[in-house]
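Undergrad: how would this look folded up:
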Amino acid sequence: MSAHAPAYTTTASITPTQRGESPGRRILRRTFRNRGAQVGSIILLVLIAASLAAPLLTSHDPNAVDPTATLRPPSWEHPMGTDHIGRDVFARFLYGGQLSLRVGLIAIALGATVGVAIGLFAGYYGGWLDALSSWLTDVLLSFPDILLALAIIAVLGPGITNAMLAIGIAFIPSFMRLTRGNVLAIREMGYVEAARAIGVRDWQILLRHILPNTLRTLLVLLTVGIGSAILAGAALSFLGLGAQPPTPEWGAMLNAGQKFIRQAWWLTVFPGLGIFLTVLAINLIGDAISDAVAGTALASGKRTG
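TA: All right, here's what the predicted structure looks like:
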């Protein structure tokens, strides 16, 4: 209620928000009121839709070689030109987008699942489990994500599956730390102590009371983490440690096109633009979610106060 509103209200004038809108819906509404989130969502939806509709948007096989059509500039037949062995860059861009997006989603899902699970148990039970996980988190966070992923790839070997696994493992410490910090604060709340007092089982307390109250802050890390994972996957493929030829992937396409950057600019510009726009869109949405979470928490604090 605003500062200029009357102290009373009628039932007819009560809005859905005033009738007890859930925090999740409030965050969603605040997020998509943000102009940056609107722009980011449009960009991301276009890229996702184009990647998923690749068989409908192009009739070219992304791996089909045509020695008579090498290094052709963009045209009606080849909207993004062809590469040094005559493959259609537009087809490779679309199919490469599928793989790049999949790498980001699977890697961050792995990191979030393992990190949140360990953080929940460590923060709730404490003791040696908390001490061990805190020490492990501190050690792993001392390495940049991409450096940690490189170290894991060095052990597992190159390949797109190993790259997803390495990136996912590299993100586990961030989710562990954030979840543990939230749990340490939430487990002392009155409703958690009341649940313990009436004999509610620990797993029910974790799943019904603690986990839902950590999701708001985890949502920010999850969203921004997808963009970082896509960027890390492209970096590993660029270095030859992720997707292997002839698999189309944006980072691998950048690596293949760098030798021809002066004579065929389209080989690097289009995959680079795909990475840039995807990460930019996700970061715009992540920033909007961060603002929405902070605004919702502030509003809740004022109502409670």
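Undergrad: Please count neighbours and contacts with C-alpha atoms only from this point.
TA: Will do.
Undergrad: Would you state the helices of the stretch 101-250 of the chain in chain order?
TA: 127-141, 145-156, 160-186, 190-197, 202-205, 211-238, 250-257 (DSSP state H, counting those that start in this stretch).
Undergrad: Can you say which of those helices is nearest to residue 291?
TA: helix 211-238 (9.4 Å; CA to CA).
Undergrad: Can you list the helices and strands that the closest one packs against?
TA: helix 89-125, helix 160-186, helix 250-257, helix 266-304 (3 or more CA pairs under 8 Å, 6 or more residues apart in numbering; DSSP states H and E).
Undergrad: and the angle for the last one with helix 89-125?
TA: Going by axes from the mean of the first three to the mean of the last three CA atoms, to 10 degrees, helix 266-304 is angled at 30 degrees with respect to helix 89-125.
Undergrad: How many residues are close by residue 96?
TA: For residue 96, the neighbour count with other CA atoms under 10 Å is 26.
Undergrad: whoops, I mixed them up, residue 271
TA: Each residue near residue 271 was counted by other CA under 10 Å, and the total is 26.
Undergrad: next one: residue 100
TA: What residue 100 shows, counting by other CA under 10 Å, is a neighbour count of 27.
Undergrad: what residue lies at the spatial centre of the protein?
TA: residue 226 (1.6 Å; CA atoms, centre = their mean).
Undergrad: Identify the residue nearest that one in space, chain neighbours excluded?
TA: Excluding the flanking residues, the one nearest residue 226 by CA to CA, 6 or more residues apart in numbering is residue 104, at 5.2 Å.
Undergrad: so who does the one you found touch?
TA: 164, 226, 227, 228, 229, 230, 233 (CA atoms under 8 Å, 6 or more residues apart in numbering).
Undergrad: With residue 267 instead?
TA: With CA under 8 Å, 6+ apart, residue 267 has these contacts: 81, 82, 83, 89, 253, 254, 256, 257, 258, 260, 261.
Undergrad: Go ahead and confirm residue 195 touches residue 203.
TA: No: between residue 195 and residue 203 there is no contact under CA atoms under 8 Å: 11.5 Å.
Undergrad: higher neighbour count, those two?
TA: With neighbours defined as other CA under 10 Å, residue 195 and residue 203 compare such that residue 195 has more, 15 against 11.
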